[in-house]
Every structure is written in structure tokens, then in C-alpha cells.
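K.L.:
what follows is a protein structure lacking sequence information:
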């Protein structure tokens with residue numbers, strides 16, 4: 001039997017800065033129902049109000065319209081993106097604060113699993129330590145509804161794995177905002193999409209979100225044609241470029257696979273750093289960074305064991321590993337910011353670099369967007385070419401009207417996007433990105449992948465974002481904490497696959513990468529892409545069927561939202577609950593069928 005919602009909100013609306021952020025008079029009011037056990041991804045561009053919506057669910061912000069209902073006894077816990085640690089001496093003081101403070105032993109148990117010392121001074125704690133402390137505090141409160149705002153920010157891979165495992169076993173409901181596609185795909189079962197002041201819900205996890213998004217915009221374009229409003233919708237369609245971007249992404253990933261295959265042929269033995277090429281002189285002539293037997297030791301511990309690497313012009317290098325494994329040390333040695341204990345690092349004479357760090361220290365809050373990009377003028381020098389500042393803003397998904405807005409007013413994601421726009425305009429042939437995905441929405445991540453792919457130079461990326469690395473880098477330097485550096489052609493998934501198969505690697509002996517199996521899956525056998533009559537009919541008619549089922553589900557949920565219904569008429573409650581369950585099952589099957597056909601159409 002479907003249980004009643006633990007939280008519902010009917011007709012939600014909020015004004016901000018004199019305008020309706022969502023649920024205004026010109027759009028559908030927001031109706032939100034959270035059921036026990038829901039696993040919800042909250043999706044939307046920076047600035048649409050995702051964090052604000054979570055704060056309203058947590059009753060931190062009062063709505064201008066609508067009615068909020070919470071099932072008695074429901075404990076809602078909010079894991080903020082940037083909690084305030086300033087009033088507290090230690091991380092434990094922070095964790096034990098608040099009106100629903102958890103028990104100390106519960107905090108200590110979770111903190112122990114996360115590997116965080118809660119006696120650490122709060123003022124001097126790193127971003128990763130603060131994030132772990134905030135997670136320990138939130139989870140120790142035993143929530144019925146957990147609100148997660150960018151939970152993987154500042155976490156290393158081992159902590160992300162632990163959090164994913166905890167949430168997989170968690171019995172309550174959660175709503176999460178995250179830029180980490182892998183995290184969302186693994187954990188979510190339904191999607192809330194906040195877009196242009198409205199909230200849509202679909203009973204499909206994040207893995208099906210992009211196809212759903214394209215379907216919605218395609219239906220809007222067709223409806224606009226009938227309503228003689230085509231120009232308005234087309235402007236939005238072109239701005240987002242959903243279908244065009246998807247096709248570019250496919251082409252970019254195909255090119256990335258080719259580059260990885262070429263790099264794999266240079267690696268003599270998986271897991272070692274000895275590189276070779278059929279024409280070694282040609283390889284050397286294209287090298288921009290050469291590291292020869294470099295190593296680093298701190299307090300008797302080998303952070304980086306003797307390691308050699310030649311980085312070529314055009315390489316996209318990913319550096320991965322747990323916090324403390326030596327990622328920053330390796331990066332600083334490769335960029336000559338830090339001298340190795342042994343060996344040497346040399347750079348090509350023509351190498352000029354730009355570094356974008358995760359602290360975003362380069363932006364003055366009092367400066368305007370125009371000041372940052374064009375030094376107060378109207379034109380930006382974009383790698384030697386002049387471009388009007390407002391046109392360049394559009395390239396990075398900004399409204400050109402924001403050109404004179406102060407940086408301090410922008411959201412964290414918008415500031416990150418602005419910094420990327422400024423740094424990518426500089427003339428350079430080496431780009432170093434330290435945790436570049438923090439605070440970015442999913443669309444900006446897509447844009448960043450495109451810009452990196454088009455960058456005419458070498459890129460070095462330190463990141464914990466697994467999906468981003470898989471779609472960006474040609475070579476991964478994997479650090480497991482022992483001091484050894486694995487060199488893998490491919491992204492994070494390729495490094496993970498290598499780590500999971502130590503026996504198979506040993507059995508391969510000294511075979512070279514050129515004689516080993518390709519790190520990329522073989523293409524599927526040829527098939528006919530022509531749709532059958534039934535497939536064509538399903539492709540055309542299933543969206544309407546899904547929409548009707550969604551309408552039926554929404555009506556049923558609205559009825560169940562009445563907290564007095566079960567007591568007044570339990571039979572009706574049971575009948576409606578069963579009907580919703582059947583409609584959801586039917587809708588899920590229809591969605592799966594449509595997505596399978598749509599993938600063939602898009603190919």
C-alpha cells in the first residue's frame with residue numbers, strides 16, 4: 001500500500017527581489033509531495049532557486065503563497081552547502097549544536113567511518129574536514145527526510161563512496177542537489193526539475209533526465225507552433241541548444257575515445273609510467289612537460305615514489321585519488337611550483353599556463369562582470385580575437401543584461417562560471433583546473449566539457465567528479481596513497497577497472513598496451529536503425545500516454561495529500577493508493593520503451 005506523503009506543499013509561490021522566483025501568477029503553482037522512501041534529484045540551472053526551495057521545505061524561508069503540510073513526527077534535516085562554523089571552537093561543537101542536536105556517540109560513530117577528527121579546530125579545518133563534519137552531524141540526527149545541497153563538494157573519492165553506500169541503505173527519503181552525475185545516477189529514482197518558475201516531477205532517476213528534458217522542450221516547441229508563439233520558444237530552444245549540444249557531445253566523446261586509444265598505444269605496461277612511441281623522437285618533440293624519476297617524501301613517508309611522465313601538447317590529464325594521497329603535491333611538481341626530492345621536471349620554452357583553483361580567489365566582490373571580463377570596457381580579447389563582452393557572456397550561459405552586475409551579488413555557481421569565462425579568454429597553452437566542477441550546474445558542466453575539448457593546448461585536471469573525468473581526460477594519473485602513480489589511458493572508470501582486477505593485470509605480464517585489449521568497449525554489431533511500424537507508433541504516441549498517466553498520478557497524490565482522508569475513508573485511500581501504484585508501474589514501462597526507441601532515433 002502506498003503511504004501518505006510525509007511532506008506536501010500545495011500552490012507554493014515565492015517572490016524574491018520584486019519578482020516571482022517560482023509559482024508566480026503567470027505559471028503553474030508548485031505542488032510538491034514527498035513520499036516515504038523517495039530518492040529525488042532536484043535539477044535546475046544556477047539561480048532558479050534550488051537551494052531556496054530546500055530551505056522552504058526545511059521551513060527556513062516563508063512562502064508568499066501556498067500551504068505546507070508535514071506528517072506529525074517527521075524529522076527534516078538539511079545538509080547545507082556552506083554551513084557556518086564561525087561560532088564554534090571545534091568540529092564536534094558544531095556537530096552537537098542546534099535544536100535537534102544528535103547524540104555525541106552517534107556523531108563519533110559516523111565521524112570514525114568518515115575518517116574525521118572531530119576535535120579539530122573549526123576555524124582552521126579544511127573544506128573536506130568541514131564537509132565530513134557536516135555530514136556526520138546531519139546523518140546522526142536520524143532524519144526521515146534528508147535535504148542534501150551539493151553533498152559531494154570537497155569530498156574525496158573514498159568519502160563519496162561511503163556516502164553513496166550509506167544512502168543506498170538509508171530507509172528515509174531524500175532530496176539532493178548535486179553536480180555529480182555519477183552520484184545522481186546511482187542513487188536517485190525520481191527527478192524534480194525546477195525550470196522557469198515551475199516544478200515538474202518524473203518517476204525516473206537522473207539517468208533518464210536528459211531524454212525527458214529534450215522531450216519536454218520538443219513538446220513545447222510543437223505547442224508553441226500551434227499557439228503562434230513560435231519565435232519566443234525557438235529563442236529559448238536555441239539558447240539552450242539541447243539537441244545540438246547532445247550531438248556535439250556525441251562527436252566530442254568519439255574524438256576523446258580516439259585520443260585515448262592513441263595514448264594507450266604509448267603505454268608499455270598498464271600501471272607503470274614508462275611511455276614509448278614507435279617514433280620516439282617525434283614523441284619527444286611534441287612533449288611540453290617532461291618529468292624524469294621525480295619523487296617526494298614528507299616526514300619519512302613517500303608521497304610520490306620515483307615517477308616519470310611525458311605530457312604531450314593536447315593531452316588532457318586527470319589526477320585522482322583520496323585526500324592526502326598526493327594529488328596536489330604531484331600537480332605542483334609537474335607545474336614546477338614545487339621542487340621534487342629526486343629527478344627533474346622540464347617545460348617546453350613555449351609553455352604558458354593558466355590555473356583556476358577551487359577557492360575562486362581571483363574575483364573581487366565589488367567589481368562588475370564587465371570589469372572582470374573586459375577591464376571595464378566593451379570588448380574581450382578571447383585568445384587573441386576581439387569579442388563584445390555581452391556576446392561573450394552568452395557563450396557562458398549568462399544573460400547579457402548582467403554585464404554591469406556586481407560579482408558579490410552573483411551566486412556561487414555564477415561566480416565560478418564567470419571565472420571560467422575570464423580564464424578561458426587568456427592566451428595560454430596549458431590549463432590547470434583544481435576541482436573545477438564545484439558550484440557548477442549541469443549545463444555549465446556540459447559547457448565546460450565543450451570548452452576543454454576545444455582548448456588548443458594541454459589540460460591538467462584535479463577532480464573527484466567521476467563523470468566529468470570520464471568525459472574529459474585522455475590520461476589518468478591515479479594515486480592510491482602508497483606513493484605509486486598509476487598511468488591509465490582513459491578516465492576514472494578505466495582507473496577503477498584497473499584497480500579491481502589486480503590478478504588479471506599480473507597475468508598479463510609484460511605485454512605492451514598496444515597488444516592488450518582496448519580500454520574502450522568494442523562497437524556493437526551493425527543493426528538496422530529503421531523503426532518498425534509499431535516502434536514508430538510507440539515513439540509518437542507514448543509521450544501522450546505518459547502525460548495522461550502523470551496527470552492521473554498527480555490527481556491521486558493531491559487527493560492523498562489530505563491528512564484526514566485515511567481516517568475518514570480508508571477504503572478510498574487504499575483504492576487511490578493502488579491506482580497510483582499501478583499507474584506508476586505502467587508509466588515506468590512506457591518511459592523505458594520510449595527511451596529505448598528514442599536512443600535509436602537520436603543515433
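P.N.:
Thanks, I have the structure now. Keep in mind it's a predicted model, so treat the numbers as computed, not measured.
K.L.:
could you list the low-confidence segments of the stretch 151-300 of the chain?
P.N.:
223-253, 265-285 (pLDDT under 70).
K.L.:
for it, which segments count as helices?
P.N.:
157-169, 181-187, 209-226, 230-240, 242-264, 280-285 (DSSP state H, counting those that start in this stretch).
K.L.:
same thing with the stretch 501-603 of the chain?
P.N.:
Under DSSP H, counting those that start in this stretch, the stretch 501-603 of the chain gives helices at 502-508, 533-560, 565-568, 570-602.
K.L.:
can you check the stretch 1-150 of the chain too?
P.N.:
Going by DSSP H, counting those that start in this stretch, the stretch 1-150 of the chain shows helices at 50-57, 91-95, 104-114, 127-139.
K.L.:
I'd like to know how far the spatially most central residue of the chain sits from residue 454.
P.N.:
Nearest to the geometric centre of the chain sits residue 179, at 2.2 Å (C-alpha atoms, centre = their mean). Per C-beta to C-beta, to the nearest Å, residue 179 is found 21 Å from residue 454. No exception for glycine: its C-beta is placed from N, CA and C like everyone else's.
K.L.:
again with residue 92
P.N.:
Taking C-beta to C-beta, one finds residue 92 at 47 Å from residue 454.
K.L.:
what about those two, which has more around it?
P.N.:
Per other C-beta atoms under 10 Å, whichever of residue 92 and residue 454 has more neighbours is residue 92, with 22 against 10.
K.L.:
which residue is the nearest non-sequential neighbour of the more buried one?
P.N.:
residue 118 (3.9 Å; C-beta to C-beta, 6 or more residues apart in numbering).
K.L.:
burial measure for the one you found, as a count.
P.N.:
Counted with other C-beta under 10 Å, residue 118 comes out at 25.
K.L.:
I'd like to know how far it sits from residue 322.
P.N.:
Applying C-beta to C-beta to residue 118 and residue 322 gives a distance of 19 Å.
K.L.:
quick one: low-confidence ranges for the chain?
P.N.:
1-2, 223-253, 265-285, 357-362, 501-530, 561-564, 566-567, 599-603.
K.L.:
okay, now the domains of it?
P.N.:
Partitioning the chain according to automatic domain parsing yields domains covering residues 7-209, 253-508, 527-602.
K.L.:
tally of neighbours for residue 216?
P.N.:
Residue 216: 16 neighbours (other C-beta under 10 Å).
K.L.:
quick one, what contacts it?
P.N.:
Neighbour list for residue 216: residue 200 [criterion: C-beta atoms under 8 Å, 6 or more residues apart in numbering].
K.L.:
for residue 170, same thing?
P.N.:
Per C-beta under 8 Å, 6+ apart, neighbours of residue 170: residue 146.
K.L.:
same check, this time on residue 148
P.N.:
Applying C-beta under 8 Å, 6+ apart, we find residue 148 in contact with 79, 174, 175, 176, 177, 178.
K.L.:
relative to residue 421, how far out is it?
P.N.:
28 Å.
K.L.:
mind listing what residue 291 touches?
P.N.:
So residue 291 contacts 307, 308, 309, 310, 311, 333, 334, 340, 343, 344, 345 (C-beta under 8 Å, 6+ apart).
K.L.:
quick check: residue 25 vs residue 15, distance?
P.N.:
11 Å.
K.L.:
pick out whichever of the two has more residues nearby.
P.N.:
Counted by other C-beta under 10 Å, residue 25 and residue 15 do not tie: residue 15 has more neighbours, with 14 against 8.
K.L.:
separation between that one and residue 30?
P.N.:
Counting by C-beta to C-beta, the gap from residue 15 to residue 30 is 13 Å.
K.L.:
now swap in residue 213 and tell me
P.N.:
18 Å.
K.L.:
residue 364 now?
P.N.:
Between residue 364 and residue 30 the distance is 36 Å, computed by C-beta to C-beta.
K.L.:
give me the more crowded residue out of these two.
P.N.:
residue 30 (25 against 11).
K.L.:
wait, what's in contact with the closest residue to that one other than its chain neighbours?
P.N.:
Counting by C-beta to C-beta, 6+ apart, residue 30 lies nearest to residue 12, which is 4.0 Å off, once chain neighbours are set aside. Neighbouring residues of residue 12 by C-beta under 8 Å, 6+ apart: 22, 23, 29, 30, 31, 32, 56, 63, 65, 66, 68, 199.
K.L.:
what subset of these is buried?
P.N.:
By neighbour count, with 16 or more other C-beta atoms under 10 Å, the contacts of residue 12 hold 22, 23, 29, 30, 31, 32, 56, 63, 65, 66, 199 as buried.
K.L.:
same list, those, but as JSON lines with distance to residue 328 please.
P.N.:
Listed next are the buried ones among the contacts of residue 12 as JSON lines, based on distance: C-beta to C-beta, whole Å:
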{"residue": "22", "distance to residue 328": "40"}
{"residue": "23", "distance to residue 328": "44"}
{"residue": "29", "distance to residue 328": "48"}
{"residue": "30", "distance to residue 328": "43"}
{"residue": "31", "distance to residue 328": "47"}
{"residue": "32", "distance to residue 328": "41"}
{"residue": "56", "distance to residue 328": "38"}
{"residue": "63", "distance to residue 328": "44"}
{"residue": "65", "distance to residue 328": "49"}
{"residue": "66", "distance to residue 328": "47"}
{"residue": "199", "distance to residue 328": "40"}
